[in-house]
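**Q** here are the coordinates; sequence isn't available:
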């Protein structure tokens with residue numbers, strides 16, 4: 001029986017491995033089905049690709065049906081084999097070696113002890129009578145041993161009955177369970193074959209369509225290549241100029257990375273024209289009662305605002321805040337440009353192309369100057385270190401409008417109109433700043449209970465949230481976040497908006513702490529996770545970074561392809577060009593170990609901020625608690641390094 005217990009335990013372990021692997025396979029197929037369905041829906045929305053979209057959706061349906069069959073098979077495995085086997089091990093075979101036989105052994109010992117005792121008493125009585133007895137006959141002690149004999153026989157009978165039950169369960173019944181599971185497997189393969197056979201006819205049709213579509217695309221490509229050849233031959237000078245401009249753009253981008261500052265719009269103006277300009281522009285009217293005409297207006301760019309005078313000089317000029325605007329070129333009209341604000345678009349026309357370039361550059365330069373002034377002059381970057389309930393007033397109306405504009409953009413992102421965890425639309429105005437997602441008031445309380453090392457919650461309406469706290473929220477969305485964090489989630493697992501707090505707590509803990517619903521492509525292999533982490537950092541892709549983080553990667557790991565022990569934060573600081581500050585923000589918010597972790601030469605991320613002249617990165621690090629007193633192997637702090645290299649703006653930050 002002990003041998004049987006060992007064999008059945010190994011059998012249970014093997015079945016459990018198969019069961020877990022099967023369920024993981026089901027989750028992956030469901031995830032694949034969703035991805036195919038999304039591709040199909042996207043293609044169907046484009047009139048030119050209906051056949052391609054229909055094909056993706058067909059494959060999605062077949063994949064979903066096959067996953068449902070596998071799920072049923074795994075349920076049969078659990079019910080038909082694992083459950084009865086578990087009952088045998090936890091019931092009849094429970095305990096250590098020899099436990100089952102202990103009652104019988106005890107009864108036997110008591111019987112033997114009583115028998116020996118009676119024999120000694122009989123011999124002692126004979127000796128007192130002057131007789132010598134070699135042995136005592138069974139008949140003499142039968143009456144006195146009757147009770148012990150019956151008890152021993154009863155225990156032996158009980159033992160043999162249990163042994164017989166175990167023999168039946170581990171033999172005949174277990175074989176019957178295996179037969180039942182064999183039938184379940186047969187049904188699985190037969191139903192799967194029927195599904196594939198049903199799909200087979202469509203595959204033959206699709207193969208023919210693919211050949212036709214490929215032929216059509218090759219013809220279109222050939223026509224485009226011929227057209228390109230004709231255009232190149234007719235305009236060689238223009239192509240040469242384009243190549244030259246491309247090389248200049250590459251050079252400018254390299255220069256910008258060296259002196260990058262973070263701003264909302266990355267369009268750059270010619271610094272030669274400065275930040276102030278006054279003159280006249282033609283502005284297209286937008287009145288409803290008259291035709292749209294061009295009217296001459298006096299305009300002035302000053303301190304981050306555009307002042308537009310009216311035809312009636314007694315009226316104060318219209319004041320447009322450039323922080324909430326974007327300047328756009330008009331490709332077909334060289335003398336025209338648009339200024340797009342959050343509530344309307346202004347159409348302007350200048351005297352000539354050079355004048356247009358000057359106005360556009362001044363508008364952009366003035367906007368960048370105002371934005372840089374706001375970021376550097378009002379300590380907004382430090383607001384995350386507070387509890388979020390500061391009573392400090394905003395420094396001016398410009399920054400308030402900027403924040404409101406960003407929040408409006410965030411609210412329009414996919415899925416941000418409802419809670420990321422329960423889909424509730426009731427008071428979904430709470431932001432998890434380290435993930436950049438929106439939650440409702442009920443779920444926000446559970447996020448707070450998890451601790452700030454898991455999720456940091458702020459109110460979009462009650463707290464004075466700074467622009468730096470919105471970095472992640474501007475690029476993340478509830479929809480994209482859940483594509484990763486709920487990749488294997490079944491519809492019935494997500495709590496409803498009316499769910500109890502206990503249900504919400506269990507779900508949110510499983511999602512954020514255990515990361516139970518993440519698709520794990522690396523299966524916990526450290527080397528694969530390190531490679532994926534490095535690829536995510538080098539590609540500057542926030543969702544790839546979220547995926548590898550959700551799979552369990554330690555953000556403080558040294559990246560494998562870097563010889564000096566650089567971490568993901570070191571590399572992100574080095575390549576930050578004004579458009580990837582949110583990647584740095586994600587790293588510092590979700591791994592406290594990264595803040596002061598040095599390379600092999602002892603340089604911390606703060607040292608790297610100085611080396612690559614990254615003031616905005618330095619502000620994020622200092623706000624999160626980086627220690628400016630850390631020294632490298634040369635005994636220099638970030639302050640010493642900044643002073644030595646003459647970076648005065650950085651010296652002020654770390655002094």
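**A** Yep, it's here. Quick caveat: nothing in here was measured; it's all calculated off a predicted structure.

**Q** drop to CA atoms for contacts and neighbour counts, all remaining ones
**A** Will do.

**Q** pull the residues that contact stretch 302-314.
**A** 275-277, 297-301, 315-323, 363, 366-370 (Cα atoms under 8 Å, 6 or more residues apart in numbering).

**Q** narrow the residues you listed to those in strands?
**A** Counting by DSSP state E, the contacts of stretch 302-314 place 277, 297, 298, 299, 300, 301, 318, 319, 320, 321 in strands.

**Q** next, the buried residues of stretch 175-192.
**A** The neighbour-count check on stretch 175-192 (16 or more other Cα atoms under 10 Å) flags 177, 180, 181, 184, 185, 188, 189, 192 as buried.

**Q** now that stretch, how far from the chain's geometric center?
**A** 38 Å (Cα atoms, centre = their mean, to the nearest Å).

**Q** quick check: residue 466 vs residue 419, distance?
**A** 22 Å (Cα to Cα, to the nearest Å).

**Q** more crowded one of these two?
**A** Between residue 466 and residue 419, counted using other Cα atoms under 10 Å, the more crowded position is residue 419 (26 against 20).

**Q** and that one, what pLDDT?
**A** Listed pLDDT for residue 419 reads 95.

**Q** and it, which of the three is it?
**A** coil (DSSP: H, G, I helix; E, B strand; the rest coil).

**Q** for residue 203, what is the enclosing helix or strand?
**A** For residue 203, the element it lies in under DSSP states H and E is helix 174-234.

**Q** that helix packs against which elements?
**A** With contacts defined as 3 or more Cα pairs under 8 Å, 6 or more residues apart in numbering; DSSP states H and E, the packing partners of helix 174-234 are helix 50-76.

**Q** could you find the closest non-adjacent residue to residue 52?
**A** residue 43 (6.6 Å; Cα to Cα, 6 or more residues apart in numbering).

**Q** you'd agree the one you found is up against residue 37?
**A** No. Here residue 43 does not reach residue 37: they are 9.8 Å apart, not a contact under Cα atoms under 8 Å.

**Q** re the thing from before, the residue nearest to residue 52 sits in which helix or strand?
**A** Going by DSSP H and E, residue 43 is part of helix 2-44.

**Q** how about the strands in the stretch 251-400 of the chain?
**A** 277-284, 294-302, 305-308, 318-321, 326-329, 336-340, 345-349 (DSSP state E, counting those that start in this stretch).

**Q** low pLDDT regions in the stretch 551-655 of the chain?
**A** The stretch 551-655 of the chain contains no residues with pLDDT under 70.

**Q** make a markdown table from the strands of the stretch 251-400 of the chain and add distance to residue 484, mean neighbour count and mean pLDDT to it.
**A** Below are the strands of the stretch 251-400 of the chain laid out as a markdown table (distance: least, Cα to Cα, whole Å; neighbours: other Cα atoms under 10 Å; pLDDT from 0 to 100):
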| stretch | distance to residue 484 | mean neighbour count | mean pLDDT |
| --- | --- | --- | --- |
| strand 277-284 | 47 | 17 | 90 |
| strand 294-302 | 45 | 18 | 90 |
| strand 305-308 | 41 | 20 | 91 |
| strand 318-321 | 38 | 16 | 86 |
| strand 326-329 | 32 | 17 | 84 |
| strand 336-340 | 34 | 20 | 87 |
| strand 345-349 | 37 | 18 | 88 |
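
**Q** JSON lines for the ones you listed, including distance to residue 435?
**A** Shown next, in JSON lines, are these (distance: least, Cα to Cα, whole Å):
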{"stretch": "strand 277-284", "distance to residue 435": "42"}
{"stretch": "strand 294-302", "distance to residue 435": "37"}
{"stretch": "strand 305-308", "distance to residue 435": "33"}
{"stretch": "strand 318-321", "distance to residue 435": "30"}
{"stretch": "strand 326-329", "distance to residue 435": "27"}
{"stretch": "strand 336-340", "distance to residue 435": "30"}
{"stretch": "strand 345-349", "distance to residue 435": "33"}
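
**Q** right, and the ones you listed - which one's nearest residue 410?
**A** strand 326-329 (17.2 Å; Cα to Cα).

**Q** so which of the strands of the stretch 251-400 of the chain is nearest residue 106?
**A** Comparing those by their distance to residue 106 (Cα to Cα), the top pick is strand 326-329, with 91.6 Å.

**Q** what sits up against the closest one?
**A** 265, 336, 337, 338, 339, 340, 341, 360, 363, 364.

**Q** and for stretch 355-370?
**A** Contacts of stretch 355-370 (Cα under 8 Å, 6+ apart): 263, 267-271, 273-277, 301-306, 322-323, 327, 334-337, 349-350.

**Q** residues of that stretch that come out buried?
**A** Neighbour-count burial for stretch 355-370, counted by 16+ other Cα under 10 Å, picks out 356-370.

**Q** return the subset of those lying in helices.
**A** 356-370 (DSSP state H).

**Q** lowest average confidence, helix or strand, in this protein?
**A** helix 236-258 (a mean of 44; mean pLDDT, DSSP states H and E).

**Q** for the stretch 151-300 of the chain, which spans come out with low pLDDT?
**A** Using pLDDT under 70, the flagged stretches of the stretch 151-300 of the chain are 161, 163-171, 234-269, 286-292.

**Q** one more time with 90
**A** 151-181, 184, 188, 191-276, 284-295 (pLDDT under 90).

**Q** same question, the stretch 351-500 of the chain
**A** 351-354, 364-412, 426-427, 445, 449, 452, 459-471, 487-488, 490-492.

**Q** rerun that using 70 as the cut-off
**A** 374-399.

**Q** helices of that one, start to end?
**A** 353-377, 397-411, 441-450, 471-475, 478-485 (DSSP state H, counting those that start in this stretch).

**Q** nearest to residue 635, of these?
**A** helix 353-377 (28.9 Å).

**Q** and the angle from the closest one to strand 336-340?
**A** Relative orientation of helix 353-377 versus strand 336-340 (axes from the mean of the first three to the mean of the last three Cα atoms, to 10 degrees): 20 degrees.

**Q** and helix 353-377 with strand 345-349, angle?
**A** 140 degrees.

**Q** what's the spacing between helix 353-377 and its chain's center?
**A** 36 Å.

**Q** now it and strand 294-302, what's the angle there?
**A** 40 degrees.

**Q** what strand or helix carries the spatially most central residue of the chain?
**A** In the chain, the centroid-proximal residue (Cα atoms, centre = their mean) is residue 546; its distance is 3.8 Å. Assigned by DSSP H and E, residue 546 falls within helix 542-550.

**Q** could you give me the average pLDDT of that helix?
**A** Helix 542-550 comes out at a mean pLDDT of 92.

**Q** which other helices and strands contact it?
**A** helix 478-485, helix 526-539.

**Q** let's have these in JSON lines, adding mean neighbour count and distance to residue 588.
**A** Shown next, in JSON lines, are these (neighbours: other Cα atoms under 10 Å; distance: least, Cα to Cα, whole Å):
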{"stretch": "helix 478-485", "mean neighbour count": "19", "distance to residue 588": "18"}
{"stretch": "helix 526-539", "mean neighbour count": "18", "distance to residue 588": "13"}
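
**Q** could you dump those helices into TSV with distance to residue 65 added?
**A** Output for the helices and strands packed on helix 542-550, formatted as TSV (distance: least, Cα to Cα, whole Å):
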stretch	distance to residue 65
helix 478-485	21
helix 526-539	31
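
**Q** do you know which of the ones you listed lies nearest residue 13?
**A** Nearest to residue 13, of these and by Cα to Cα, is helix 526-539 at 24.9 Å.

**Q** ok, residue 73 - contacts?
**A** 184, 185, 188.

**Q** got a pLDDT number for it?
**A** Model confidence at residue 73, given as pLDDT, is 92.

**Q** neighbours of residue 503, how many?
**A** 13.

**Q** go on, the one 10 residues further on?
**A** Residue 513 is surrounded by 13 other residues when neighbours are defined as other Cα under 10 Å.
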